[in-house]
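Asker: Got a predicted structure here, sequence first:
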Amino acid sequence: MNPVKIILTLIPFIWTIGLLPFANRVKPLVFGLPFLAFWLVAGIIIAFLCIKALYALDSNKKQERDA
(Lines give C-alpha, C1' and ligand atoms only; values in the text may rest on other atoms or scores of the structure.)
Protein backbone atom coordinates (compact mmCIF):
# COMPACT_ATOMS: atom_id res chain seq x y z
CA MET A 1 0.00 0.00 0.00
CA ASN A 2 1.15 3.49 -0.79
CA PRO A 3 2.60 5.27 2.29
CA VAL A 4 1.07 8.58 1.16
CA LYS A 5 -2.38 7.02 1.35
CA ILE A 6 -1.66 5.69 4.83
CA ILE A 7 -0.52 9.12 6.02
CA LEU A 8 -3.54 10.85 4.46
CA THR A 9 -5.79 8.34 6.20
CA LEU A 10 -4.13 8.82 9.60
CA ILE A 11 -4.05 12.63 9.63
CA PRO A 12 -7.78 13.17 10.43
CA PHE A 13 -7.71 10.47 13.11
CA ILE A 14 -4.63 11.90 14.80
CA TRP A 15 -6.00 15.45 14.49
CA THR A 16 -9.34 14.60 16.07
CA ILE A 17 -8.47 11.91 18.61
CA GLY A 18 -4.73 12.13 19.25
CA LEU A 19 -4.33 15.88 19.63
CA LEU A 20 -7.66 16.59 21.29
CA PRO A 21 -6.29 16.64 24.87
CA PHE A 22 -3.85 19.39 23.84
CA ALA A 23 -6.62 21.45 22.26
CA ASN A 24 -9.06 21.14 25.17
CA ARG A 25 -9.18 24.84 25.99
CA VAL A 26 -11.97 27.38 26.08
CA LYS A 27 -10.25 30.70 26.62
CA PRO A 28 -8.71 31.70 23.28
CA LEU A 29 -11.63 32.57 21.02
CA VAL A 30 -11.02 31.98 17.33
CA PHE A 31 -13.60 33.47 14.97
CA GLY A 32 -15.93 33.79 17.96
CA LEU A 33 -15.72 30.08 18.81
CA PRO A 34 -14.07 28.53 21.83
CA PHE A 35 -10.77 26.98 20.82
CA LEU A 36 -12.03 23.40 21.15
CA ALA A 37 -14.99 24.07 18.84
CA PHE A 38 -12.68 25.74 16.33
CA TRP A 39 -10.31 22.74 16.57
CA LEU A 40 -13.11 20.29 15.78
CA VAL A 41 -14.38 22.38 12.85
CA ALA A 42 -10.83 22.63 11.51
CA GLY A 43 -10.57 18.84 11.88
CA ILE A 44 -13.62 18.39 9.68
CA ILE A 45 -12.06 20.61 7.03
CA ILE A 46 -8.73 18.73 7.29
CA ALA A 47 -10.56 15.40 6.96
CA PHE A 48 -12.38 16.65 3.87
CA LEU A 49 -9.12 17.75 2.25
CA CYS A 50 -7.44 14.42 3.05
CA ILE A 51 -10.34 12.43 1.61
CA LYS A 52 -10.34 14.64 -1.48
CA ALA A 53 -6.61 14.02 -1.95
CA LEU A 54 -7.14 10.27 -1.52
CA TYR A 55 -9.89 10.36 -4.14
CA ALA A 56 -7.65 12.27 -6.54
CA LEU A 57 -4.84 9.75 -6.04
CA ASP A 58 -7.23 6.88 -6.66
CA SER A 59 -8.76 8.53 -9.74
CA ASN A 60 -5.33 9.08 -11.27
CA LYS A 61 -4.41 5.46 -10.65
CA LYS A 62 -7.65 4.24 -12.24
CA GLN A 63 -7.14 6.45 -15.30
CA GLU A 64 -3.61 5.11 -15.75
CA ARG A 65 -4.91 1.55 -15.48
CA ASP A 66 -7.68 2.14 -18.04
CA ALA A 67 -5.40 3.79 -20.61
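Answerer: That came through fine. Residues are numbered from 1 along each chain as shown.

Asker: For stretch 31-45, the averaged confidence score.
Answerer: For stretch 31-45, the mean pLDDT works out to 92.

Asker: mind listing the strands for the protein?
Answerer: 29-30, 33-34 (DSSP state E).

Asker: what distance separates stretch 8-28 from the middle of the whole chain?
Answerer: Centroid separation between stretch 8-28 and its chain, computed with CA atoms, centre = their mean, to the nearest Å, is 10 Å.

Asker: Please identify the deepest-packed of the strands of the chain.
Answerer: strand 33-34 (a mean of 14; mean count of other CB atoms under 10 Å). In this view, the C-beta of every residue, glycine as well, is placed from N, C-alpha and C.

Asker: which parts of stretch 36-50 are buried?
Answerer: Of all the residues in stretch 36-50, those buried under the rule 16 or more other CB atoms under 10 Å are F38, W39, G43, A47, C50.

Asker: ok, the second one - contacts?
Answerer: Applying CB atoms under 8 Å, 6 or more residues apart in numbering, we find W39 in contact with L19, L20, A23.

Asker: List the residues that contact the last one.
Answerer: I take that to be A23. The neighbourhood of A23, defined by CB under 8 Å, 6+ apart, consists of F35, L36, W39.

Asker: gap between it and P34?
Answerer: A23 sits 10 Å away from P34, taking CB to CB, to the nearest Å as the criterion.

Asker: hmm, back to that, which ones among the contacts of A23 map onto helices?
Answerer: F35, L36, W39 (DSSP state H).

Asker: now, among those residues, which is nearest to T9?
Answerer: Nearest to T9 among those: W39, at 19.8 Å, using CB to CB.

Asker: returning to what we had before: now the strands of the chain as CSV including distance to L57?
Answerer: Output for those, formatted as CSV (distance: least, CB to CB, whole Å):
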stretch, distance to L57
strand 29-30, 31
strand 33-34, 32
